[in-house]
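A.B. asks: Fold the stuff below for me.
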Amino acid sequence: MAAHPCSKNHKRPCLLVVDDDREIRDLLSPLLTRSGYKVITAADERSMQEALVSWHVDLVILDVMLPGTDGFSICRNLRVTAAHLPIIMLTARGDPTDRIVGLEIGADDYIPKPFDVRELEARVRAVLRRTLHPTLGESSSSIFHFAEWTLDARQRELRDPDGTLVDLTSGEFDLLLVFVERAQTPLTRDQLLDLTGAHIAGLYDRSIDVKISRLRRKMERDAATPEFIKTARGIGYQFTQAVTRR
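C.D. replies: Next up, the predicted model:
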């Protein structure tokens, strides 16, 4: 029997489109398939969860306005159960506040409706490029140590001094890796967007602030007085810890 297109041994990235609008699902499924992806669709949280249990999914395209549980709540829950799964959120609400909320709860990107399908394709490629094929240079086989923390660039894992795995979204991990590779060097928001590939995805400097806030909450003893990622006045941010690498 032929393997399902989204089985774990399939080489083409699998996208899960979650939207209650059949027209959106019917539009995106063939379009993304022609672009080289395998696509499965879901109309609500229940069918989305069934797909995630049954198949290997590389990225979720998630509508905010869903029946029952809304997309924001689903995204928040996925960040607990599937922390590394990339999420692109779609919404008919164009309020910038909604975009910030989406990023704060862990979305990798956020696209308002109506959207240009070519832009959506470009953002999907950008997010998958960072998560499936990260460009880490020689650090791809490196392990970084700082203040008894360990960051494994190959396995894309962060462990605290007790050895406990810290759940990071793909965007948070990419940002922390940039900081660790350039420890004690002040970096502007534009530099951070470029180095993480976020400019390609169409994100903006406020998204850097959001991700840094999330990293601080996960790593700092007191996020209000950070010891790792500090604000460099008039410049941007700086990772202040000494880092060793092997």
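A.B. asks: drop to CA atoms for contacts and neighbour counts, all remaining ones
C.D. replies: OK.
A.B. asks: Show me which helix or strand of this protein is least confident by mean pLDDT.
C.D. replies: Lowest on mean pLDDT, DSSP states H and E among the helices and strands of the chain sits helix 96-104, with a mean of 75.
A.B. asks: Can you give the contact residues for that one?
C.D. replies: Here helix 96-104 makes contact (Cα atoms under 8 Å, 6 or more residues apart in numbering) with Phe72, Met89, Asp109, Tyr110, Arg206, Ser207, Val210, Lys211, Arg214.
A.B. asks: Quick one, which of the residues you listed are buried?
C.D. replies: Phe72, Met89, Asp109, Tyr110, Ser207, Val210, Lys211, Arg214 (16 or more other Cα atoms under 10 Å).
A.B. asks: Roughly how far does the second one sit from Ala126?
C.D. replies: So that's Met89. 14 Å (Cα to Cα, to the nearest Å).
A.B. asks: Please report the number of neighbouring residues for Thr81.
C.D. replies: For Thr81, the count of nearby residues is 11 (other Cα atoms under 10 Å).
A.B. asks: quick one: pLDDT of it?
C.D. replies: Looking at Thr81, its pLDDT is 86.
A.B. asks: Sketch out the low-pLDDT regions of the protein for me.
C.D. replies: 1-11, 93-96, 132-141, 197-205 (pLDDT under 70).
A.B. asks: List the contacts of the residue nearest to Ser213 when sequence neighbours are not counted.
C.D. replies: Nearest non-adjacent residue to Ser213, counting by Cα to Cα, 6 or more residues apart in numbering: Ala223, 7.8 Å away. Going by Cα under 8 Å, 6+ apart, Ala223 touches Ser213, Arg216, Arg217.
A.B. asks: What is the nearest of those residues to Pro13?
C.D. replies: Pro13 lies nearest to Ser213 out of those, by Cα to Cα, at 30.2 Å.
A.B. asks: how deep is the closest one tucked in, by neighbour count?
C.D. replies: A count of nearby residues for Ser213, using other Cα under 10 Å, gives 15.
A.B. asks: just checking, it is part of a helix?
C.D. replies: Yes: under DSSP: H, G, I helix; E, B strand; the rest coil, Ser213 sits within a helix.
A.B. asks: Now do it against Thr231, distance only.
C.D. replies: The spacing between Ser213 and Thr231, counted by Cα to Cα, is 11 Å.
A.B. asks: related to what we said a few turns ago, which other helices and strands contact the helix or strand just after the least confident helix or strand of the chain?
C.D. replies: Next helix or strand after helix 96-104 toward the C-terminus (DSSP states H and E): strand 109-112. Counting by 3 or more Cα pairs under 8 Å, 6 or more residues apart in numbering; DSSP states H and E, the packing neighbours recorded for strand 109-112 are strand 87-91, helix 96-104.
A.B. asks: one more time with 6 Å, if that's ok
C.D. replies: Applying 3 or more Cα pairs under 6 Å, 6 or more residues apart in numbering; DSSP states H and E, we find strand 109-112 packed against strand 87-91.
A.B. asks: what angle do the strand it packs on and helix 96-104 make?
C.D. replies: 160 degrees (axes from the mean of the first three to the mean of the last three Cα atoms, to 10 degrees).
A.B. asks: out of the contacts of Ala223, which one sits closest to Glu148?
C.D. replies: Nearest to Glu148 out of the contacts of Ala223 is Arg216 (Cα to Cα; 16.3 Å).
A.B. asks: what are the phi and psi values for the closest residue to that closest one other than its chain neighbours?
C.D. replies: Closest residue to Arg216 apart from its sequence neighbours, by Cα to Cα, 6+ apart: Ala223 at 5.2 Å. Per-residue torsions, Ala223: phi -60, psi -20 (degrees, to the nearest 10).
A.B. asks: Can you pull the domain assignment for this protein?
C.D. replies: 14-132, 137-245 (automatic domain parsing).
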